[in-house]
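S.K.: pasting the sequence and the predicted model now:
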Amino acid sequence: MKGEYHFEHLQEAMDSFTGLKWCVASHPRGRRVANAAFENLIRRVIYATATRDRPEAIWLGDRTPRRLRELLPGAPTFWIVRDGRDILVSWAFHWLRIDAVPPAFIREPLTRWREEFRTDPDRFRDPNYGLLGNNRWVRRIAREWARFVLHDSEAYPRLVASGTPVFKVVYEEMHRRPHEVAKEMYEFLGLDASHAEPLSRETNTLPGFKSEDLTKALRKGQSGDWRNYFNDRIKRIFKEEAGEALILAGYEKDLNW
């Protein structure tokens, strides 16, 4: 797995291409050919890029974080679940760090914050400042995570019933017992875990990092870090937008947290 391919962007276009009644490709024959071509594109792109330095590889994959959906029928899929509160904190620093074009509703202040973040990242530990201090942004991220949880919870049994193997990986469980979870993941793919390289800090295959660096992609990797940032305001917004999703995902029993 060499990186994130984000084939879902193409899949959304394919949904329109083969789903709109006025498109010829929506007819059964056109849809069949288009879908076969799309699956071939996925295989060829992954093969061409993932085997450059591992020509002997027999398992190739994509590690894009996206909604649970079958892009290659029957291909084994890992469904990774993480506490949305930790995701919200992680994304608050991620968007400050990267140069990607931000959503329109937050573009102007985020442009200013990015400049400040480069010189004084610790300023943004304050939950009342930056993205964490922006109620609209907090609400948007909480809502999106809740939609992911609902979608994936409904998609999981449907994919399994259609013949696509799905293995659920809970982020926090990986932290508690990384070696056991890694072994289970290898076995899910039919591989012998004893042949794998050991988990290590050097290869970033053990959860968490030696120290926290707000400016790096590998910032902290800690479960429950949201408790260091959430105040009553952020809690209230998250409960409003994603409180029920936290319960559905098994992170809380009720809204009294």
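M.R.: Okay, I see it.
S.K.: so after the helix ranked longest in the chain, what's the next helix or strand?
M.R.: Secondary structure assigned by DSSP state H gives helix 135-162 as the longest helix of the chain. Note on helix 135-162: by DSSP states H and E, the next helix or strand toward the C-terminus is strand 166-170.
S.K.: packing partners for that next one?
M.R.: Judged by 3 or more C-beta pairs under 8 Å, 6 or more residues apart in numbering; DSSP states H and E, the packing partners of strand 166-170 are strand 77-81, helix 135-162, helix 178-188. Heads up, the C-betas are built off the backbone N, CA and C, glycines and all.
S.K.: could you say which one of the ones you listed comes nearest to residue 14?
M.R.: helix 135-162 (17.3 Å; C-beta to C-beta).
S.K.: got the angle for that closest one vs strand 77-81?
M.R.: 150 degrees (axes from the mean of the first three to the mean of the last three C-alpha atoms, to 10 degrees).
S.K.: okay, buried residues for helix 135-162 please.
M.R.: 137-146, 148-149, 152, 155-156, 159 (16 or more other C-beta atoms under 10 Å).
S.K.: what sits up against stretch 162-176?
M.R.: 68, 70, 73-83, 86, 156, 159-160, 181-182, 184-185, 188, 207-208, 222-224 (C-beta atoms under 8 Å, 6 or more residues apart in numbering).
S.K.: meant to ask about stretch 191-204, not that
M.R.: So stretch 191-204 is contacted by 59, 178-179, 182-183, 186-187, 205-206, 209-210, 218 (C-beta under 8 Å, 6+ apart).
S.K.: again, only using 6 Å
M.R.: 178, 183, 186, 205-206 (C-beta atoms under 6 Å, 6 or more residues apart in numbering).
S.K.: next one: stretch 247-257
M.R.: Contacts for stretch 247-257 (C-beta under 6 Å, 6+ apart): 83, 149, 239, 243, 246.
S.K.: so who does residue 48 touch?
M.R.: Applying C-beta under 6 Å, 6+ apart to residue 48 gives no contacts.
S.K.: okay, and which of the contacts of stretch 247-257 map to helices?
M.R.: 149, 239, 243, 246.
S.K.: hey, which helix or strand in this structure has the poorest pLDDT?
M.R.: Between all helices and strands in the chain, the lowest mean by mean pLDDT, DSSP states H and E belongs to helix 107-119, at a mean of 91.
S.K.: fine, thanks again, bye for now.
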